[in-house]
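Q: Whatever this is, show me its structure:
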Amino acid sequence: MLMKHILVVDDSKTNLAIAKQELSEDYQVTPVISGFQALQFLEKRTTDLILLDINMPEMDGKETLRRVKQNPLWAKIPIIFLTADSTPETESDCLALGADDFIAKPFVPKVMKRRISRIIELNELRYDLETRLEEKTREVELVTIQSIMAIARTIDEKDKYTSGHSSRVAKCSVALAKRLGWSEEECQNLHYVALLHDIGKIGVPDNILNKPSRLTDSEFAIIKKHPVMGNAILKDIKTIAHVNEGALYHHERYDGSGYPCGLKGEEIPITARIVGIADAYDAMTSSRIYRPKLTEEKVIQEFETGSGTQFDPEFCRIFVEMLREGFSLEEDLVVKAAENHEAAKDEAGYLKEIHSILETDQLTGLFNQISIEKQVNQVLQTKKSGAFYLVQLDHLKAINMEKGHIVGDALLKEIADVLKENVGEGDLLSRIKGDQFAIFYPNLETQKEAMNQAKRIFATVLSKMEEKGGGEYSSVSIGISLVEGRRKTFEELLNRADRALYHVLSSGKNGYHVYYDSQAEVINRSTSADLDDIRRYVARMLTSEEQAQMILFTIEERKADAVTLEKAMSMLNTALMDSLRQADDITKYSTSQYVVVLKNVETENAKEIAERILKKFYCINTQEGMALSYDLQTVTLLEE
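A: The predicted structure follows:
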């Protein structure tokens, strides 16, 4: 198992020697005697934590910290200050500078170890959350873009006389915004706003939208409601800034005579003023059943006439300059019409494409967890055999931190290609989260077959990691679950494989293990065997003077889908974090269980804590049918 690395910076060789002696059993330790040496070390490799003395000659700890934080490659490394000055003012100054904690000299080894362990665990949790958030953000952004295009196309196809209108308004809006000096990010957001500006037309009857003659006053009154309807649809969307403003206000006029709100001048949001110009331009340059499109000279004349009345005069002046310089959407009218015609021929195919994007991991191109869960459950409706694998790259986080996410992403793609070579027709392969892949082999029936396949996967993945220069980070762990003749669900297989993976990780990583029915009862019910395994693991971490109470919390719900169970687990985590001390240990044991270790707490007190956690969970739990139970055992060193 790869040990965490700590860089100790202190101008006292005695302090360095003590720190190395006390920490070397649990960590890799590099001692340096100055801030300059620390920076030189970081130029060559990263570290998991820095212990930094404050008072040093030439470059003190505060200046060293500033320089570390200024470098984006090092900025997230946690730093603990070491100082003989333990006054509240010094502690406050240290934390204000960006330190994660503060240890007073002369340090007590036991206290130092606990603080280091806590900070490293918190940093790992923060990194994992950030990584998952980045992945989800990328997925959401892609789905958002595709959904916006689908909605815009739906709007345009509803009104056959303005096909491609939303796309052209978006292009024109962005062109004007760029001329105004908007940033790329602002222009991209405006593009989405403009694409959806007419979404309210979904609520307008087709016979009015597609009427081949001029509208009556009552029909036009219905048309004039589309900005309000668009605002109602878009007002709760937070991922696109000001998206409802484009829909609600694009028919407002600069002189206050527009609709639906009669806003005037700069009361009209800037996005709506831009979209209003683009919307008018596309209307002028598009043919209608009752009139041909306007000439270039007539369009310019209309904008000059409407400057200060219909349009923002400054924006209008700049747009007229663009028109005189040759700006045109003429080519788009032909291209977009052809594109929309082709898309309209196969709307079902387009929707299928959207669903495909929703169920695909965007980095590797493999299925994601949503997709493989659905497919595995479909297979299990007719089959009572199969083997499910969780394949984890043990040190992906370390690779990302030391070599960068580009290297980490490239490795994930390479591993995905390797795993594709290990599956055949009918087998299912997916990436279910950052460092984990899932494989389901429906035709593997025995433990021997499963182990042989695990050996092949293990060898090929490890070989690829070593080939890519993984070095000390070349490590892969695999958890396996068998169907074993009894109908199961994806959730059950995932839980069992997660248990088997935990066994490998707690045994030093870089291996594989099978979890099968003869080992334990159904995963959603906690067992004494579970606690026995964990108790032995906890006992190894205790000193002769220590005693611990171990609580295994289990969410019991056989029929819950993965998303519902994950929400319940998140609520349980909240209840645990709100109810426990910093010194208590919390570990996720499976997809439905958490283990809590309470040191130096009596059994009766542990029961009170467990009951308090149950009460807190039921207060915040919003998932119907979710029950929480717990098992409690005392652990001492003698039980190892």
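
Q: Can you show me the strands along the stretch 51-200 of the chain?
A: For the stretch 51-200 of the chain, the strands defined by DSSP state E, counting those that start in this stretch cover 79-83, 101-104.

Q: Could you tell me which strands the last one is paired with, and in which direction each runs?
A: Taking DSSP bridges as the criterion, strand 101-104 pairs within the sheet with strand 79-83 (parallel).

Q: hmm, who's touching the strand it pairs with?
A: Contacts to strand 79-83, defined as CB atoms under 8 Å, 6 or more residues apart in numbering, come from residues 10, 15, 49-55, 61, 65, 68, 90, 94, 98-105, 107, 115-116, 119. The way it works is simple: take the backbone N, C-alpha and C, and place the C-beta from them, glycine included.

Q: Can you flag which of those residues belong to helices?
A: 15, 61, 65, 68, 90, 94, 115-116, 119 (DSSP state H).

Q: Looking at these, which gets the smallest pLDDT?
A: Of all the ones in helices among the contacts of strand 79-83, T90 has the smallest pLDDT value, namely 71.

Q: ok now do that residue, which residues does it touch?
A: Contacts of T90 by CB under 8 Å, 6+ apart are 54, 83, 102.

Q: Looking at the strands of the stretch 51-200 of the chain, which is nearest to S430?
A: When those are compared by CB to CB, strand 79-83 sits nearest S430, at 38.3 Å.

Q: on that earlier part again, top of the ones in helices among the contacts of strand 79-83 by neighbour count?
A: Of all the ones in helices among the contacts of strand 79-83, the highest neighbour tally under other CB atoms under 10 Å goes to G61, namely 26 neighbours.

Q: Count the residues that sit near the residue nearest to it when sequence neighbours are not counted.
A: Residue nearest to G61 in three dimensions, not counting chain neighbours: I54, with 3.9 Å by CB to CB, 6 or more residues apart in numbering. Neighbour count for I54, taken as other CB under 10 Å: 22.

Q: with the contacts of T90 in mind, which one is nearest to G479?
A: The closest of the contacts of T90 to G479 turns out to be F102 (CB to CB; 39.5 Å).

Q: who's that closest one bridged to?
A: With DSSP bridges as the rule, F102 is bridged to F81.

Q: distance of it from A280?
A: Using CB to CB, to the nearest Å, F102 is found at 62 Å from A280.

Q: can you tell me the average pLDDT over stretch 403-416?
A: Mean per-residue pLDDT for stretch 403-416: 83.

Q: List of residues touching that stretch?
A: For stretch 403-416, the surrounding residues in contact (CB under 8 Å, 6+ apart) are 363-366, 393, 396, 399-400, 431, 437, 461, 464-465, 468, 470.

Q: what about 10 Å?
A: 46, 73, 131, 134, 361, 363-366, 391, 393, 395-402, 429-431, 434-435, 437, 460-461, 464-465, 467-470, 473, 476 (CB atoms under 10 Å, 6 or more residues apart in numbering).

Q: related to what we said a few turns ago, out of the strands of the stretch 51-200 of the chain, indicate the one that is most buried.
A: Ranked by mean neighbour count, these are led by strand 79-83 with a mean of 22 (mean count of other CB atoms under 10 Å).

Q: any idea how far stretch 296-316 is from the chain center?
A: Averaging C-alpha positions (CA atoms, centre = their mean, to the nearest Å) puts stretch 296-316 45 Å from its chain's average.

Q: Sorry, slip of the keys, the one I care about is stretch 270-281.
A: Centroid displacement of stretch 270-281 relative to its chain, using CA atoms, centre = their mean, is 34 Å.
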